[in-house]
Each structure stands twice: as structure tokens, then as C-alpha cells.
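Visitor: Sequence plus the predicted model coming up.
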Amino acid sequence: MQIGLIGTGLMGLPMAQRLLDAGLSLTVYNRTSAKLEGLKEKGAAIAPTATALIHDCDCIILMLTHATAIREILLSDTNRAYLIGKTVIQMSTIAPSESRSICEKVVAAGGDYLEAPVLGSIPEATAGKLIVMVGGTTEQFETYQPILSHFGATVRLVGEVGTASALKLALNQMIGSLTSAFATSLSFIQQEGVEVEQFMEILRGSALYAPTFDKKLQRMLDQNYANPNFPTKHLAKDMKLFQAEAEPLGLDVHIPAAVNQILLEAINRGLAEEDYCALFAVMNQTSK
Ligand SMILES: NC(=O)c1ccc[n+]([C@@H]2O[C@H](COP(=O)([O-])OP(=O)(O)OC[C@H]3O[C@@H](n4cnc5c(N)ncnc54)[C@H](OP(=O)(O)O)[C@@H]3O)[C@@H](O)[C@H]2O)c1
């Protein structure tokens with residue numbers, strides 16, 4: 001089976017490397033071709049266009065920014081014609097309604113579609129420790145689990161297409177909310193003259209603690225948001241998607257809406273490409 005991977009950004013690059021390290025035959029395409037150099041050296045076939053990749057591969061893995069990019073690449077008139085008999089594994093973070101709609105179009109074009117969004121970031125992608133959540137049929141899961149297991153030992157069938165995207169979005173809503181809550185309290189105790197280590201010691205020993213707090217603490221204290229694992233602009237995308245999906249379900253969306261506002265403020269301050277913990281800069285008006 002010839003596997004193709006489209007989108008070798010922060011996540012797609014280490015994921016492609018995992019497949020190559022496992023000895024799989026892989027074709028890659030990225031809009032910005034400079035990002036493909038390292039993969040060529042590792043033995044990947046480089047497709048000059050997405051069309052060429054879709055033509056040459058049986059199984060097409062997508063790791064793109066958003067649904068707009070996926071539609072542009074997959075569903076152009078030319079590329080749609082090459083989807084007959086092909087399987088698309090959609091791994092980007094998109095809304096469940098977007099995933100279901102893209103699935104319908106791929107199936108209408110004669111292809112097969114499953115979603116497999118992931119929890120974890122660049123370190124987990126590099127180490128093969130992502131948590132892979134699959135939305136599809138049991139048969140699809142059994143067929144593609146061996147490929148997906150190169151990305152992480154935990155590959156889990158959630159339910160039909162849309163359910164894994166919903167689960168992923170629910171988790172990312174928590175990334176935004178927890179980090180905002182932590183950044184607000186951290187900023188507060190700093191302004192009130194409480195030692196950060198006292199705050200952290202009590203927090204760590206309490207039921208309120210989440211490991212992500214310690215992962216982001218030093219970056220926040222140093223106001224160092226460079227070399228992001230997950231950029232601010234992507235978390236803002238996910239908070240907006242969550243809001244758009246949750247509101248029609250009758251859920252109260254004050255929390256994701258507020259977090260989105262904070263992230264948009266960070267983006268306005270030029271922090272779009274920085275690590276999302278840059279939202280601390282908004283909480284703490286005295287920092288950059
Ligand atoms: N970073 C994380 O920690 C993380 C974790 C889990 C899930 N995710 C999700 O995984 C997806 C990818 O994230 P990432 O961090 O790898 O993002 P990224 O570094 O920004 O990569 C995005 C990729 O999409 C491509 N792309 C965007 N718009 C395009 C378009 N219109 N046409 C063609 N290609 C396009 C980019 O190509 P260029 O290189 O040409 O720009 C790049 O390959 C996102 O949905 C994100 O939310 C990210």
C-alpha cells in the first residue's frame with residue numbers, strides 16, 4: 001500500500017518521519033516545499049503537487065491547518081476525480097460537522113474517509129506517543145490501526161465519523177480554558193506579592209492540579225513563547241470551532257468565547273505564531 005501524507009508542518013513532519021523510520025513507503029507533499037528536504041533525505045518520495053500525491057497513493061493522510069485547506073486540496077475538481085478507490089485519513093483538528101461534510105464529499109467521489117485527530121504535540125509526535133482517536137467504522141479501524149499505531153500506542157475507535165473530531169475539540173477546549181485559568185491565577189499571585197513556588201507547591205498537592213500547569217510555568221515566568229509546540233493561532237481556531245459547534249447544541253459558551261477573546265488579543269499583540277501559553281501576556285498586562 002502506498003501511503004501519502006499531505007501537510008508537513010509542525011506535526012506532519014515528525015509524523016512522516018515516524019512512518020519512514022518504520023520502513024513504510026511514503027510519499028509526501030507540502031505547499032511550502034522547503035519543509036520537505038529532511039524527508040527526502042530519509043527516503044520519502046516527494047510529490048510535486050497534491051494532485052500527484054493523490055494520484056500515486058492508496059491511503060492519503062492529511063495533517064493540515066483547517067477544513068478550508070483540506071477542501072482546497074482534496075475537493076478541487078481535478079483532485080476529486082482521483083479519489084476513486086482511495087482512503088483519506090483526516091488527522092487535522094477540525095469541527096465534527098466539517099469532518100462529516102468532507103466525508104460525504106469524499107464518499108460521493110468514490111473514496112473512503114475516516115478521521116483520526118490526535119492529542120499530544122511535537123514531542124509526542126516525535127516519540128510516537130500521540131493518542132489517536134478514530135472516527136469511522138470498525139472495519140476501517142481494523143484496516144488502518146497498524147498504520148496509525150506508528151503515531152502512538154493508544155489508537156482508539158471513538159465511534160462514527162464526527163465523534164473523534166468532537167472528542168478532540170472537547171479536549172482542546174480544556175487546553176484553552178485550563179491554561180487561561182492558570183495564567184490568570186499566576187498573574188494574580190505575582191501582582192499580590194505571593195511567591196510563585198508557594199502557590200505551585202499548594203496547587204501541586206491539591207485536586208486542582210493539572211500537569212500542563214508545570215509544563216507551561218517556566219515559559220510564562222520567562223515570557224518565552226518562542227519555538228511553539230502548538231501556536232496561539234491554532235488554539236484560537238479550535239476555541240472558535242468549539243464555540244460554533246456547541247452553541248447550536250444549546251450549550252453555554254461563555255468560557256470558550258472568553259478564552260477565544262484572550263487568544264485574539266494575544267494574536268493582536270503579534271503572538272499568533274508563538275506558543276499558545278503566550279495568552280499569559282494578555283492576563284499579565286505588564287508583560288510583553
Ligand atoms: N501543533 C500541535 O501541537 C498540534 C497537536 C494536535 C493537533 N494539531 C492540529 O494539527 C493540524 C496541523 O497542525 P500543525 O501544528 O502541524 O500546524 P502547522 O505547522 O501550521 O502546519 C499546517 C500545515 O497545513 C498546510 N496548509 C495550511 N493551509 C494550507 C493551504 N491552504 N493549502 C495547502 N496547505 C496548507 C501548511 O503548509 P505550509 O507549510 O505551506 O504553510 C502546513 O503543512 C492543525 O489542525 C492543528 O490544530 C496540532
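Guide: In hand now; what should we look at?

Visitor: Can you name the residues in contact with the one helix or strand Y113 maps to?
Guide: Assigned by DSSP states H and E, Y113 belongs to strand 112-115. Here strand 112-115 makes contact (C-beta atoms under 8 Å, 6 or more residues apart in numbering) with 86-91, 99, 102-103, 106-107, 134-137, 140-141, 144, 161-162, 164-165. From N, CA and C alone the C-beta is placed, and that goes for glycine too.

Visitor: mean confidence for that strand?
Guide: Strand 112-115 shows a mean pLDDT of 98 in the predicted model.

Visitor: same question, stretch 233-240
Guide: 97.

Visitor: Distance of D238 relative to the ligand?
Guide: 6 Å (C-beta to the nearest ligand atom, to the nearest Å).

Visitor: residues in contact with that residue?
Guide: 93, 169, 172-173, 175-176.

Visitor: That one belongs to a strand?
Guide: No: using DSSP: H, G, I helix; E, B strand; the rest coil, the assignment for D238 is helix, not a strand.

Visitor: picking that back up, quick one: strands adjacent to the next helix or strand after the strand holding Y113?
Guide: Downstream of strand 112-115, the first helix or strand assigned by DSSP H and E is strand 118-119. Strand 118-119 has these partner strands in its sheet, going by DSSP bridges: strand 131-135 (antiparallel).

Visitor: Heading C-terminal from the strand it pairs with, find the next helix or strand.
Guide: Downstream of strand 131-135, the first helix or strand assigned by DSSP H and E is helix 138-148.

Visitor: Please compute how far that following helix lies from its chain's middle.
Guide: 20 Å (C-alpha atoms, centre = their mean, to the nearest Å).

Visitor: Can you flag which of the contacts of D238 belong to helices?
Guide: 169, 172-173, 175-176 (DSSP state H).

Visitor: Would you map the helices across this structure?
Guide: So, for the chain - with DSSP H - the helices run 12-21, 37-41, 50-56, 67-74, 77-81, 96-108, 122-127, 138-148, 163-191, 196-204, 211-222, 232-246, 254-268, 280-283.
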